[in-house]
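> Quick one, structure for this:
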Amino acid sequence: MRLRSTTAVVSVVALAVVAPPGVRPAGAHTPGQGADPSADRVLNLALQGSRTVGYEGTQSVTIHSPRGVESERLHVVRGTNDRLVIQAGAGSGGGGWTFFQDGQRRVVMDPQGGAVSQGHAGLAADIEPDSSLRQMRAKYGVTLEGPTRMLDREAWTLRIERSGDARLVERWTVDARTGLVLGRDSYDPSGGVERSIVFTEVREPYTPPDSELEPPGHATAPPPASQRWFTQPEASRLAAAQRLPSSLPGSYLLRSGSSFKVDRASVVQLVYSDGLQEVSLFDQPGKLAGSWLPPGARRIKLRHGPGFAWEGFPRGTAWQAGPDTCTLVGASPADELAQMADSLPQAPFRRTLRQRLSHVVDWLRSRLT
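Now for the predicted structure:
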């Protein structure tokens, strides 16, 4: 499966994990002021501290993968009412991709300043810590490792483990005063850091002007074939139309979706969340070709047939589902991705009569042009 670059860019931009400051929950303490708060109180401080007070800052994103170490700088501006701007390539002349979120509205701009995707979707869990604390705590155990300092601020360190096997999944460094997540580390199965997102500088409280949070005027009309995002109710209808589920093993629930075209073929993307991690399911017509997969992809055996899997970030699993190709991509562990794949349709490739006719028409058109 070959995903177009705009989809990959949205996934990378979504690495900006930020929890802006807000109203401190009753009972929260700063380090050194009596008894330490419980892990739940610090977690609540981080979750409830979002979507209230604005800030502006720069984040460093580092990914460790079989390809080596990759890094990116992001400039992030956060306003109230779910208004967020993330610019990739901060410090490199301002020529990177830009992600705008205004409530439910989402726009992605390319380096040339044109809108490449637009639609409606809530903030991703990888962008803001998910507000569904109950869903997260049902799957993960959160413990308080103790006080620390970061950017000359008093902070707490939270350790997040998968409850079933005590596997270390993430660590958060939470500003003790505001709840701002100053740093977030994700870990691979061996316990090594796989992904690190930290503020290198931040200014808060900060009230950004509207002009700083709004995409340019020409962004209101992206190309008709651009990526469209859908909120949860719309995504549920989209999933039903594709005969795909609204939940996946591992406590992943459908949160949003999108659609776009690749070589005139319609691709559906469904985004599922377990309250901490997100995974995208891509469904597109056609036969899975190993040459289209990331380097290092290996063959695996799924419940009803062969498939492919690859490690690193983002890791993934791909397989044939009759006339369609399905691909799961995300930071979720490989064992969870395999369980999700086994819960979804799997079947050998067979073209329908309509697909055969369409293939012939496309071949004739290419010959004539």
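
> Hmm, Glu336 is touching Tyr272, no?
No. Glu336 lies out of contact with Tyr272 (C-beta atoms under 8 Å); the separation is 10.7 Å. For glycine as for every other residue, the C-beta is placed from the backbone atoms N, C-alpha and C.

> Give me the common contacts of the two.
Val279 (C-beta atoms under 8 Å, 6 or more residues apart in numbering).

> Compare those two (neighbour count), which wins?
Tyr272 (28 against 21; other C-beta atoms under 10 Å).

> which residues sit in contact with the nearest residue to Gly305 once chain neighbours are set aside?
Excluding the flanking residues, the one nearest Gly305 by C-beta to C-beta, 6 or more residues apart in numbering is Gln346, at 5.1 Å. Gln346 sits next to Leu302, Arg303, His304, Gly305, Gly307, Trp319, Gln320, Ala321 when contact means C-beta under 8 Å, 6+ apart.

> Please repeat the previous calculation with a cut-off of 10 Å.
Leu302, Arg303, His304, Gly305, Pro306, Gly307, Trp319, Gln320, Ala321, Gly322, Cys326 (C-beta atoms under 10 Å, 6 or more residues apart in numbering).

> which phi and psi does the nearest residue to the third one once chain neighbours are set aside have?
What it means is His304. Leaving aside its chain neighbours, His304 sits nearest to Gln346 (3.9 Å; criterion: C-beta to C-beta, 6+ apart). Note on Gln346: its backbone torsions stand at phi -140, psi 130 [degrees, to the nearest 10].

> so what pLDDT did Gln346 get?
Gln346 is assigned 91 on the pLDDT scale.

> any idea which helix or strand carries Ala341?
Ala341 is part of helix 334-342, with elements assigned from DSSP states H and E.

> Now that helix: buried residues?
Ala334, Glu336, Leu337, Ala338, Gln339, Met340, Ala341 (16 or more other C-beta atoms under 10 Å).

> Turn those into a markdown table, columns for pLDDT and distance to Phe230.
Compiled in a markdown table, the buried residues of helix 334-342 are given as follows (pLDDT from 0 to 100; distance: C-beta to C-beta, whole Å):
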| residue | pLDDT | distance to Phe230 |
| --- | --- | --- |
| Ala334 | 88 | 28 |
| Glu336 | 93 | 24 |
| Leu337 | 94 | 23 |
| Ala338 | 92 | 27 |
| Gln339 | 94 | 25 |
| Met340 | 96 | 20 |
| Ala341 | 95 | 23 |
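
> quick one: the helices in the stretch 101-250 of the chain?
Here the stretch 101-250 of the chain has its helices, by DSSP state H, counting those that start in this stretch, at 133-139, 210-213, 232-241.

> Among these, which comes closest to Ser196?
When the helices of the stretch 101-250 of the chain are compared by C-beta to C-beta, helix 133-139 sits nearest Ser196, at 20.4 Å.

> just checking, what packs against that closest one?
helix 39-48, strand 153-162, strand 252-262 (3 or more C-beta pairs under 10 Å, 6 or more residues apart in numbering; DSSP states H and E).

> could you dump that helix to PDB, C-alpha only?
Extracted in PDB, the C-alpha atoms of helix 133-139 (Å, rounded to 0.1, in the frame of the first residue of the first chain):
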ATOM      1  CA  LEU A 133      -9.500   9.000  31.400                       C
ATOM      2  CA  ARG A 134     -11.800   6.100  32.200                       C
ATOM      3  CA  GLN A 135     -10.900   4.400  28.900                       C
ATOM      4  CA  MET A 136      -7.200   4.900  29.400                       C
ATOM      5  CA  ARG A 137      -7.200   3.700  33.000                       C
ATOM      6  CA  ALA A 138      -9.100   0.500  32.000                       C
ATOM      7  CA  LYS A 139      -6.100  -0.600  30.000                       C
END
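
> change the start of the numbering to 3 and stick with it
Fine by me, first position is 3 from now on; the one you just mentioned is helix 135-141.

> Quick one: residues in contact with that helix.
Contacts for helix 135-141 (C-beta under 10 Å, 6+ apart): 41-42, 45-46, 48-50, 127, 131-132, 134, 144, 162, 164-166, 171, 252-255, 275-279.

> May I see the buried residues of it?
Under 16+ other C-beta under 10 Å, the buried positions of helix 135-141 are Leu135, Gln137, Met138, Arg139, Lys141.

> Let's have the helices and strands packed on helix 135-141 in TSV, adding mean pLDDT.
Formatted as TSV, the helices and strands packed on helix 135-141 follow (pLDDT from 0 to 100):
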stretch	mean pLDDT
helix 41-50	85
strand 155-164	95
strand 254-264	87
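
> JSON lines for those, including mean neighbour count and distance to Gln89?
What follows is these, written out as JSON lines (neighbours: other C-beta atoms under 10 Å; distance: least, C-beta to C-beta, whole Å):
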{"stretch": "helix 41-50", "mean neighbour count": "21", "distance to Gln89": "24"}
{"stretch": "strand 155-164", "mean neighbour count": "19", "distance to Gln89": "24"}
{"stretch": "strand 254-264", "mean neighbour count": "21", "distance to Gln89": "21"}
